[in-house]
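Engineer: I would like to see how this sequence folds:
(one chain, ligands or ions: 1)
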Amino acid sequence: MLTIKKQFIDGKWLFSESNEVRTIINPYNQEVIAEVTESDRIDTKAAIKAARNAFNHGEWPNMTATERGRIVHIIADLIERDKEELAELESLDTGKTLEESRWDMDDIAGVFRYYAEIADKDGGKIIDSPIPNTISKVVKEPIGVCGLITPWNYPLLQASWKLAPALVAGNTFIMKPSEITPLTSIKIFELIEEAGVPAGVANLVLGKGNTVGAELSESMDVDLISFTGGVETGKHIMQAASVNVKKIALELGGKNPNIIFADADFEIAVDQALNGVFFHAGQICSAGTRLLVEESIHDEFVDALVARVKKIKLGNGFDESTQMGPLISAEHLNKVSEYVENGIKEGATVAVGGKRPEDPDLQNGFFYLPTIFTNCTTDMDVVQDEAFGPVITIEKFTTEEEAIQLANDSIYGLSGGVWTNDIVKAERCVAKMRMGTVWINDFNSYFPHAPWGGFKQSGIGRELGELGLDEYTETKHIMHNLKPESMNWF
Ligand code: NAD
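Structural biologist: You can find the predicted model right below:
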């Protein structure tokens, strides 16, 4: 018998008003791993009220930034203490390998540490005033009540990019994790409580997008929505947020080009082209799923990739020999299968994969074989649409200009990569690539100090780095006249 996990509102762990319960399953074998209370609009309204009260009347926004940073450091300590438990929960919930979840937990502790450390480093600045006998200063203040909405692919990592800056900036908030992967989010709220964050500052509601998420986006009492998820959901949120001209920060999808020039280090480029996509079964917003390969090495490159892909071991994320786990859900498996079927109909060639595995041990999980499509052209849906699964499309190019033109031919602009040993060519390329993050001879590396976000339909705003903290602040100009005088105009 599982204990039903609760929502966290105003410092109390509560069942939802409806008493509805959701079961959470392991995507590796569909076993029920948890039961959680199902929040809805009534619970969300209560959470918003608690956050509003804590912002308007509580101590958190007025505490020194140093003190908030100290508490956020404690959260990082607690994440490190409970790293193994958190990693196991994440792997159970998402199917990703335990090793990947352990990396995630190290990254997450790092995100809390980074923001704890910069919490009190920006005390505002004095600006030159052209008006005599005045002092002008510009300061940053918390924005208010924030709604934080997260996806299922990196449940706690994406949450940490929002929770840590929202806390150190002095906001109060309501977080809504994806309804299919809430387990590590519930655990982090236990740690936030243990670290001593006052009641009402951090609230957690556990429910669907069209109830809890919509209530947050539509509320007149929420000042900011920070959302990570799909483009269509992001557009809904933009519309809903207009009700009170809420600030929005959107981290949306990607279809990320990875350009391989013939003068790149061949073996490393092959290896990193695979790493750039197949971790977490390709369910990564920045996955380098659009491979652009220079014609002179195309066939050799494809052969090398295919040989390696055939050896990728699918299985239980808790088995040390597993390299790739399942997709997140039956619904998502159908989506990826349809995407591949469509690619075949469009004329792309399946070089490897293109179906579910036949291994009897994998039939209870949502597995899909790592897949490579060749003979792709930029007008195909498989090249333009985000699969959010283990699928690479390969296009050929002959000139640098063509490579850049293909790379930029997308509604997305999240990330991209260039592989070459010609450093001048590399710099020329990245200067023209319309993406929020570009890598030269690397792919998918990121760290808390550097901003993350997208051009075009990949989003609005930035997470991580100092810009990621700015999203959670308002800027105020304070002008002090030291020698007021009458004008005698009226
Ligand atoms: P999704 O848009 O379906 O859901 C994301 C979250 O939004 C979930 O919590 C969901 O319940 C909620 N939601 C759904 N409808 C809503 C509504 N009407 N109002 C408010 N909230 C609503 O996305 P997903 O399937 O969970 O995640 C996959 C997507 O996330 C992919 O497109 C991926 O590229 C993107 N993603 C982007 C980044 C990034 O950094 N740019 C990172 C991770 C994932």
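Engineer: report the rounded mean pLDDT for the host helix or strand of Leu250.
Structural biologist: In this structure, Leu250 sits in strand 247-251 according to DSSP states H and E. What strand 247-251 shows for mean pLDDT is 98.
Engineer: run a quick neighbour tally on Phe318.
Structural biologist: Counted with other CB atoms under 10 Å, residues neighbouring Phe318 total 16. Yep, even glycine has a C-beta here, placed from its N, CA and C like the rest.
Engineer: got a pLDDT number for it?
Structural biologist: Per-residue confidence at Phe318 stands at 98 (pLDDT).
Engineer: from Arg428, how far off is Ala269?
Structural biologist: Plainly put, Ala269 is 18 Å away from Arg428 if you go by CB to CB, to the nearest Å.
Engineer: more neighbours: which of those two?
Structural biologist: Ranked by neighbour count (other CB under 10 Å), Ala269 and Arg428 place Ala269 first, with 26 against 13.
Engineer: is the residue nearest to that one when sequence neighbours are not counted bridged to anything, and to what?
Structural biologist: Taking CB to CB, 6 or more residues apart in numbering, and ignoring the residues beside it in sequence, Ala269 has Trp419 as its nearest neighbour in space, at 4.4 Å. Each beta-bridge partner of Trp419 is listed here: Ile260, as defined by DSSP bridges.
Engineer: what about Val245, neighbour count?
Structural biologist: The number of residues packed around Val245, counting by other CB under 10 Å, is 8.
Engineer: can you report phi and psi for it?
Structural biologist: Val245 adopts backbone torsions of phi 50, psi 50, taken as degrees, to the nearest 10.
Engineer: so what strands line up beside the host helix or strand of Cys146?
Structural biologist: Take DSSP H and E as the rule and Cys146 turns out to sit in strand 145-149. Here strand 145-149 has these sheet partners by DSSP bridges: strand 172-176 (parallel), strand 224-228 (parallel).
Engineer: after the first one comes which helix or strand?
Structural biologist: Which is strand 172-176. Criterion used, DSSP H and E; the element after strand 172-176 is helix 183-195.
Engineer: name the residues of that following helix that are buried.
Structural biologist: By neighbour count with 16 or more other CB atoms under 10 Å, helix 183-195 contains the buried residues Leu183, Thr184, Ser185, Ile186, Lys187, Ile188, Phe189, Leu191, Ile192, Glu193, Ala195.
Engineer: what does stretch 53-69 give?
Structural biologist: For stretch 53-69, burial by neighbour count (16+ other CB under 10 Å) applies to Ala54, Phe55, Gly58, Trp60, Pro61, Ala65, Arg68, Gly69.
Engineer: wait, the fourth one sits on Val201?
Structural biologist: Yes. Counting by CB atoms under 8 Å, Val201 is a contact partner of Trp60 at 4.7 Å.
Engineer: and for the two, which residues touch both?
Structural biologist: Taking CB atoms under 8 Å, 6 or more residues apart in numbering as the contact definition, Trp60 and Val201 share the neighbouring residues Ala54, Thr172.
Engineer: before we move on, back to that, is the strand holding Cys146 positioned near the ligand?
Structural biologist: Yes. If you take CB under 6 Å from any ligand atom as the test, strand 145-149 does meet the ligand, through Ile149.
Engineer: report the angle between that strand and strand 247-251.
Structural biologist: Orientation note: strand 145-149 sits at an angle of 20 degrees relative to strand 247-251 (axes from the mean of the first three to the mean of the last three CA atoms, to 10 degrees).
Engineer: contacting residues around strand 145-149?
Structural biologist: By CB under 8 Å, 6+ apart, the list of residues contacting strand 145-149 from outside reads 48, 51-52, 55, 159, 162-163, 166, 171-176, 209, 213, 216-217, 219, 221-229, 237, 472.
Engineer: just the buried subset of those residues, please.
Structural biologist: Burial by neighbour count, 16+ other CB under 10 Å: within these this picks out 48, 51-52, 55, 159, 162-163, 166, 171-176, 209, 213, 216-217, 219, 222-229, 237, 472.
Engineer: off-centre distance for stretch 82-92?
Structural biologist: For stretch 82-92, the distance between its averaged C-alpha position and the chain's averaged C-alpha position is 18 Å (CA atoms, centre = their mean, to the nearest Å).
Engineer: show residues contacting that stretch.
Structural biologist: Residues outside stretch 82-92 that contact it (CB under 8 Å, 6+ apart) are 26, 33, 79, 96-98, 100-102, 104-106, 108-109, 155-156, 183-184, 187-188, 191, 317-318, 325.
Engineer: for stretch 105-120, same thing?
Structural biologist: Where contact means CB under 8 Å, 6+ apart, the residues beyond stretch 105-120 that reach it are 64-66, 68-70, 72-73, 75-76, 79-80, 83, 86-87, 90, 156-157, 160-161, 163-165, 167-168, 447-449, 464, 466, 469.
Engineer: which PyMOL command selects the buried ones in the residues you listed?
Structural biologist: Here is the PyMOL command that selects only those of the contacts of stretch 105-120 that count as buried (16+ other CB under 10 Å):
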select buried, resi 65+68+69+70+72+73+75+76+79+80+83+86+87+90+156+157+160+161+163+164+165+167+168+448+464+466+469
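Engineer: please list which of the contacts of stretch 105-120 are also close to the ligand.
Structural biologist: Applying CB under 6 Å from any ligand atom to these, none is adjacent to the ligand.
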